[in-house]
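Enquirer: Below is the sequence, then the predicted model.
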Amino acid sequence: MFVVYSGDLPDPRRIRQCPGVRDVHRISDDFKLVSSQWKQGRSTVTAGEVDFGPRDFQWIMGPCSVEGEDQLESVAAFLSSQGVRMMRGGVFKPRSSPYSFRGMGLEGLNMFRQVADRHGLGIVTEVMEVAQIDAMVDHVDVFQIGARNMQNFNLLEAVGKSGLPVLLKRSMSGTIEEFLQCAEYIYNVGNERILLCERGIRTFESAYRNTFDVNAISYLQARSHLPVIADPSHGVGLRRHVADIGLAAVAAGCDGLIVEIHPSPDSAVSDRNQTLYFDQAEKLIDAGRKVHALRSSLTL
């Protein structure tokens, strides 16, 4: 067995000599299990047949909202042609206005799963409440916890107990410490398969949707052993800037990008202003792979 040592216990050398104790770790962080003090080196998280980690940069792409089979087929075919293996899409949507489109629900999820399977893709989709988990768990490869639910602690523990990988998004006003404490809720119930996602924070600036915190990528990788994914779509919220912010995140060392794309972004039912056309997504994928290869060749 391992012992997590907070500094308030007796000499750790005495604990290490106890029967059954394999090792003792002194961890000063309040978040013990997700801390880089607990685990040396960077973790790799497996979702379906896809690995996320320091040696496995991945793309997650798809529409903000699942709208119908034709839309899904078009996106899935494009992703397959680009070698992208994970598809995002919301079937339950948290919206600022109760009058906005709030998703197709389980009907949309079943459709999403069928299309993804035909193209050999994994699924990332958001779960909004504990009651949805049982109905979704057999159809999903990665549960997404959205920014608005980062501190929904009951939901964090419930998705942790599901055993599925969890993509946890930082809230728009959440500090790094709060973000990692929330990840600890998931890890603490036995689920180590967590992807941290930086998606921009709310600041005084109103020229764009959020301020993308590129600092967070390197800092999170120093404080935690978990993979760090970047979301430039929500990070800036303006289509013409998404690729630039995405490349900045790749250059900063993120372990993957999650990006919103659509066959016809201007007619998308949600997030149309930040959603890429296929040709824009293709250019981002090509440039992102080149930037990642260059960064991987450097010793920093």
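Expert: Cool, the structure landed.
Enquirer: buried sites along stretch 144-158?
Expert: 144-147, 149-150, 152, 155-158 (16 or more other Cβ atoms under 10 Å). In this view, the C-beta of every residue, glycine as well, is placed from N, C-alpha and C.
Enquirer: Of the residues you listed, which belong to strands?
Expert: Secondary structure defined by DSSP state E assigns 144-145 of the buried residues of stretch 144-158 to strands.
Enquirer: mind putting the buried residues of stretch 144-158 in JSON lines, pLDDT and distance to V84 included?
Expert: Formatted as JSON lines, the buried residues of stretch 144-158 follow (pLDDT from 0 to 100; distance: Cβ to Cβ, whole Å):
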{"residue": "Q144", "pLDDT": "98", "distance to V84": "17"}
{"residue": "I145", "pLDDT": "97", "distance to V84": "22"}
{"residue": "G146", "pLDDT": "96", "distance to V84": "21"}
{"residue": "A147", "pLDDT": "96", "distance to V84": "23"}
{"residue": "N149", "pLDDT": "96", "distance to V84": "26"}
{"residue": "M150", "pLDDT": "97", "distance to V84": "26"}
{"residue": "N152", "pLDDT": "97", "distance to V84": "29"}
{"residue": "L155", "pLDDT": "98", "distance to V84": "28"}
{"residue": "L156", "pLDDT": "98", "distance to V84": "28"}
{"residue": "E157", "pLDDT": "97", "distance to V84": "31"}
{"residue": "A158", "pLDDT": "97", "distance to V84": "29"}
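Enquirer: Which member of the buried residues of stretch 144-158 is positioned nearest V115?
Expert: Q144 (17.9 Å; Cβ to Cβ).
Enquirer: Check whether that closest one really touches V124, as I assumed.
Expert: Yes: counting by Cβ atoms under 8 Å, V124 is a contact partner of Q144 at 5.6 Å.
Enquirer: Mutual contacts of the two, please.
Expert: The overlap between the contact sets of Q144 and V124 (Cβ atoms under 8 Å, 6 or more residues apart in numbering) consists of 88, 167.
Enquirer: hey, where'd the strands end up in the protein?
Expert: With strands called from DSSP E, the chain shows them at 2-5, 23-26, 45-47, 50-52, 58-62, 86-88, 122-126, 142-145, 166-169, 194-198, 228-230, 256-260.
Enquirer: export these to TSV and tack on distance to D271?
Expert: Supplementary listing: these in TSV, determined by distance: least, Cβ to Cβ, whole Å:
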stretch	distance to D271
strand 2-5	41
strand 23-26	42
strand 45-47	23
strand 50-52	23
strand 58-62	11
strand 86-88	11
strand 122-126	13
strand 142-145	14
strand 166-169	14
strand 194-198	16
strand 228-230	17
strand 256-260	6
